[in-house]
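Student: how would this look folded up:
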Amino acid sequence: MAHSKPDESKNERRPELELVLCSARAKTPENTDRIRTILREGVNWNEVLACSLRHGLGPLMYERFDGMDANLLAQDHREALIELVREKGKRNIGFLGEMLHLYDLFEAAGIPAYPYKGPVLSWLAYGSFTLRTYSDLDFVLPQKYIPEAIAVLEAAGCEAQFNPREAHAGQHGHAPGQYAFLSSTKRILVELHTERTLRYFPRPLHLNEMNARLIEVDIGGRHLHTFSIEDTLVMLCVHGAKHFWNRLSWIDDIASLVTAQTVDWPLAMRIAAELQCTRLLLLGLSLAHDVLGASLPQSVLESIERDSNVEWLAREIRRQYEGVFDPGDGVIARAVFRLRSRDGIGQGFRHMARLILNPTESDREVVPLPNWLAPLYALVRPWRLLRDYGLRSRKPQTDLAHFEPTPAEAVDRMLDFAGIAPGDVLYDLGCGDGRIVVAAAKKFGIRAVGVDIDPARIAEARTHARQHGLEDRVQFLTGDAKTIDVSGASVVTLFLETDGVLKLAETLRAQLPAGARVISRDAQIYGWSPDRLESHILSSGVRTVFYLWTIPKEGTEKGPVETAVPELQQSHKAGE
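Tutor: Numbering: from 1, shown residues only. Coordinates of the predicted model:
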């Protein structure tokens, strides 16, 4: 029985996304010809880089382009891609060193904590530490070892990012979604996972059985243990489904892993069945086959073909890559996806109830309650999910960044760094609650404009301005920063994701007058060489980096130069 799904909307896919997607597929003459065609027809290169960052496929794209015709890629485009890959490679080496260091500490303490994803997956699936991007280090260990592991990490200078009372949750009490730490030297996020924190498995992981199946990996002469290929495969499929597979790199991890390693398919299916996540495993494998062309055994393809829910789920995931539909858009869509991804309807409802009613650290942060009122968190969590995701659709969809308030000291430093003078007009793109705009108007007496796509944030910003009596100096606009006219600005401030600033780069260069300054916090624009760069340690211990570019006069474009990019703290991954 053949299993070959048509790429329903191939002709509708944005060429930038299609180019990135082709870079992750196996090297075939047809795929290479498709890449050449896309490049000849022309693409928005900043959008390509933004897309590669969004989906974690920049290094793979560089590897594919490196051996192709030099004239297909403009020199400045190639240099921007090289800059991106160089920075990611540098970070990855730092992650590898930290992983090995922590592994040795856990091993010396007799703690069975084993790495998965991150550098070890990069080695297993790609045979390289530079072809996969990652933002944290993940270790899995039994819940009972958490107090000891916390002591080891704190002794190594790592800072806990969770409520201290959750350190001794044991088999009862409040356990966070993960035990997160920030390493003191490289500012790398380290997450400890247990059978209790990995709540998206319908059944708790059988860690004793998994530890009996550990495999040894040789990394540069160092021997360490990680989970079997089959256990890793199941864990990756559950993780991808947790996030609605909204990053192509998660699909590529599976496609690359089953291509590079020998898989005991009956064992993988048995592990998934015991954890009641067979459908999640089949969904991940279906996406690897349909989207990236991974080769699967006939028995697996037949299992996928027999399950109509897998077919439906895979189709919904593929639609999101075209911008047609987002399976995580609204609590109803999310609930339907979760239910259809479970192996049985009864099991699905039980697992849904657990996800909806069991509070996480985010719920406790939103509404702090004393211990004696802790049962009320079963009501707080459904309210928070409805607030965050909406009944049928989310708040206006953002593709530049998620809202994260800027600390007051970072606001002050950012404005000083911008060199604001009388007569300047500042635009803050993605202004959130308007604190940068208000601070600029109040401190320097200039006109300032804030833009945000979320009406709720704009309402907060206007209230903030009224409280300071600045309504005559500031203006707040509800809209997409990518479509706002910024030609009247002499200073533009950005606190966005790196792919977000890349999406704005062409607009900024085209609209801003010569001499205008662009200031970004923690996100560089690949291909733009900053005039100034400053690393600053906040009172919280978090390192932040400010970049400043000056728009050149026409005909005096500055060529790209190498810049030393400091390591940045990685923000926590958003989850339910």
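Student: and the contacts of stretch 151-162?
Tutor: 101-102, 105-106, 109, 111, 150, 167, 176, 179-185, 189-190, 192, 361, 541, 572 (CB atoms under 8 Å, 6 or more residues apart in numbering). C-beta: built from backbone N, CA, C; applies to glycine.
Student: tell me which of the residues you listed fall in strands.
Tutor: Y179, A180, F181, L182, L189, V190, L192 (DSSP state E).
Student: now the fifth one, which residues is it bridged with?
Tutor: Read it as L189. D136, L182 (DSSP bridges).
Student: quick check, it in contact with D136.
Tutor: Yes: at 4.0 Å, L189 and D136 qualify as touching, with contact defined as CB atoms under 8 Å.
Student: beta partners of the closest residue in space to G488 that isn't next to it in sequence?
Tutor: For G488, ignoring the flanking residues on the chain, the nearest one in space by CB to CB, 6 or more residues apart in numbering is V425 at 5.8 Å. Per DSSP bridges, the residues bridged to V425 are R447.
Student: shouldn't V425 be in contact with V492?
Tutor: No: in this structure, V425 is not within contact of V492 by CB under 8 Å, at 9.7 Å.
Student: so the two - more neighbours on which side?
Tutor: Counting neighbours by other CB atoms under 10 Å for V425 and for V492 shows that V492 has the greater number, 26 against 16.
Student: that's a strand at the more buried one, yeah?
Tutor: Yes: under DSSP: H, G, I helix; E, B strand; the rest coil, V492 sits within a strand.
Student: just checking, it touches L429?
Tutor: Yes: between V492 and L429 there is a contact at 6.4 Å, judged by CB under 8 Å.
Student: apart from its chain neighbours, what residue comes closest to N31?
Tutor: N31 sits nearest to R25 (CB to CB, 6+ apart), 5.0 Å away.
Student: quick one: the one you found and S52, what's the gap?
Tutor: 14 Å (CB to CB, to the nearest Å).
Student: looking at these two, which is more packed in?
Tutor: S52 (30 against 20).
Student: quickly find the element holding the more buried one.
Tutor: Per DSSP states H and E, S52 falls inside helix 45-54.
Student: contact partners of that helix?
Tutor: In contact with helix 45-54 (CB under 8 Å, 6+ apart) are residues 14, 16-17, 19-20, 23, 58, 61, 74, 77, 80-81, 84, 247, 497-500, 502-503, 505-506, 526-527.
Student: so where's the protein uncertain?
Tutor: Residue ranges of the chain with pLDDT under 70: 1-12, 165, 169-174, 184-186, 323-328, 352-354, 356-357, 359-399, 554-576.
Student: how is it carved up into domains?
Tutor: Domain segmentation of the chain under automatic domain parsing yields 10-78, 328-394, 408-550.
Student: which strands and helices sit next to the lengthiest helix in the chain?
Tutor: Criterion DSSP state H: the longest helix present in the chain is helix 75-108. Applying 3 or more CB pairs under 8 Å, 6 or more residues apart in numbering; DSSP states H and E, we find helix 75-108 packed against helix 45-54, helix 58-66, helix 118-126, strand 136-140, helix 146-155, strand 222-226.
Student: can you redo these as TSV with distance to E534?
Tutor: Output for these, formatted as TSV (distance: least, CB to CB, whole Å):
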stretch	distance to E534
helix 45-54	23
helix 58-66	25
helix 118-126	30
strand 136-140	25
helix 146-155	30
strand 222-226	37
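Student: which stretch among these comes nearest I93?
Tutor: Closest to I93 of the helices and strands packed on helix 75-108 is helix 118-126 (CB to CB; 9.1 Å).
Student: what lies in contact with the closest one?
Tutor: Under CB under 8 Å, 6+ apart, the answer for helix 118-126 is 92, 95-96, 99, 128-132, 134, 136-138, 217, 219, 224, 226, 229, 232, 236, 253, 256-257, 260-261.
Student: with stretch 285-303 instead?
Tutor: Taking CB under 8 Å, 6+ apart as the rule, stretch 285-303 contacts 1-5, 7, 21, 24-26, 237, 240, 245, 248, 251-252, 254-255, 258-259, 265, 269, 282, 304, 310-311, 314, 317-318, 321.
Student: buried set for it?
Tutor: 285-292, 294, 296, 300-301, 303 (16 or more other CB atoms under 10 Å).
Student: before we move on, what about stretch 102-109?
Tutor: L102, Y103, L105, F106.
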